[in-house]
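1. what's the 3D shape of this:
(one chain, ligands or ions: 1)
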Amino acid sequence: MAASEADAYLLESVQKGDQQAWREVIERYQGRLVSFARRMLAQRGDAEDIVQETFVGLLRSLQNYDRSRSLETYLFAILRNKLSDHFRKMQKGQRQSLEQLNVDDAPAAWLDRQTPSAYLAGREKIESQRAALVGCLRQWVEQCRTQQRFQDLMVVEMLMVLGMRNKEVAADLELSETAVAGIKFRVLEQWRKLTAALLDDDSQTEGRSHDWQEADLSQDSSVARIWQEEGASCLKRSTLGRHLLGVLDDDWNAYIDFHVNVAACDRCHANLDDLREEDARDAASLEALRERCFASSVGFLSRPPE
Ligand SMILES: [Zn+2]
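-> Got it, this is the predicted structure:
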């Protein structure tokens, strides 16, 4: 079963109040979330507290969670919100209260702050446009990986994630600026074709094609924001595991190293840390963390059917 199918199945059970399914969700994601939080918080206890709140946040906002998106992306978005709340409160020198922390559990970036009516009217359209863009970007990343076109992927991340200019990309990859311009041109062509193909497949999004332009490949574009928020180029956990085992070829390893360390992907970094620590952690402490997360969130689980 693919990870996303397994997640969808688990969440369906969770929504029906299945406590065992909820334990499994926690167990599956607690490690990578704690690793992520630990990179920003000195105390392990603080990191674990925030992860507990993240699971509560997931249950409380389960209604808003769009199942076509990956659960990992959603959990990391909640965790990021919790972390920024945490730092904001520390700055203000206020004591945290659980009530305050739980005021807004849905990741802010996913809900445009507009007046309610404009928001509702625009939401469906924005959502479907966005879904088409995400689909296009993901397919493209998959194609690059299958065809081992890692240089194209790196160029895109250098431009959109690191905000580098053509000249800097060229110097870094020892290419001419013309070659970089050629890659950009080719990438945009590929995105155009993928978007057109996706729109053909989905009559609902008809006429809502994105007009791809060179500006989309810059750091301040909405495409770049979506690329980062969705982790469009993030690696599968199984791929990161194979990377650690040293069974991938050099091109793959170089690309993963670039994505994690140069493009500084927090999320893949956290997954790698978690995988590295997995063997070292004892079963008892993992179980203790799972039970703590479970105990603090189970009250938000809906009642099981009679
Ligand atoms: Zn990543």
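2. give the contact list for Leu153.
-> 141, 144-145, 233, 255, 259 (C-beta atoms under 8 Å, 6 or more residues apart in numbering). Every C-beta, even on glycine, is put in place using the N, C-alpha and C of the backbone.
3. same thing but at 10 Å, please
-> Leu153 makes contact with 140-141, 144-145, 187, 233, 255, 258-259, 263, according to C-beta atoms under 10 Å, 6 or more residues apart in numbering.
4. cool, Ala179 as well?
-> Applying C-beta under 10 Å, 6+ apart to Ala179 gives the contacts 151, 155, 166, 169-170, 173.
5. Can you classify the residue nearest the centre of the chain as helix, strand or coil?
-> Computing the C-alpha centroid of the chain and ranking residues by C-alpha atoms, centre = their mean puts Thr73 first, at 3.1 Å. With DSSP: H, G, I helix; E, B strand; the rest coil as the basis, Thr73 sits in helix.
6. And it, what's its pLDDT?
-> Looking at Thr73, its pLDDT reads 90.
7. neighbours around the residue lying closest to Leu235 once chain neighbours are set aside, how many?
-> Counting by C-beta to C-beta, 6 or more residues apart in numbering, the nearest residue to Leu235 once its immediate chain neighbours are dropped is Cys268, at 5.5 Å. Applying other C-beta atoms under 10 Å, we find 24 residues neighbouring Cys268.
8. what's the strand or helix carrying Cys268 packed up against?
-> Secondary structure from DSSP states H and E places Cys268 in helix 266-278. Packing partners of helix 266-278 (3 or more C-beta pairs under 10 Å, 6 or more residues apart in numbering; DSSP states H and E): helix 19-38, helix 71-92, helix 237-245.
9. Past the helix or strand of the chain with the lowest mean pLDDT, which element shows up next along the chain?
-> The helix or strand of the chain with the poorest confidence is helix 98-101; it has a mean of 39 (mean pLDDT, DSSP states H and E). As assigned by DSSP H and E, the chain's next helix or strand after helix 98-101 is helix 116-146.
10. relative to helix 71-92, how tilted is that following helix?
-> Relative orientation of helix 116-146 and helix 71-92, computed by axes from the mean of the first three to the mean of the last three C-alpha atoms, to 10 degrees: 120 degrees.
11. what element comes up after helix 116-146 heading to the C-terminus?
-> helix 150-160.
12. Now do that following helix and helix 116-146, the angle between them.
-> Angle of helix 150-160 versus helix 116-146, following the same axes, to 10 degrees, is 150 degrees.
13. Buried residues in the helix or strand that helix 150-160 is followed by, which are they?
-> Next along the chain after helix 150-160, taking DSSP H and E as the criterion, comes helix 166-173. By 16 or more other C-beta atoms under 10 Å, the buried positions in helix 166-173 come out as 166, 169-170.
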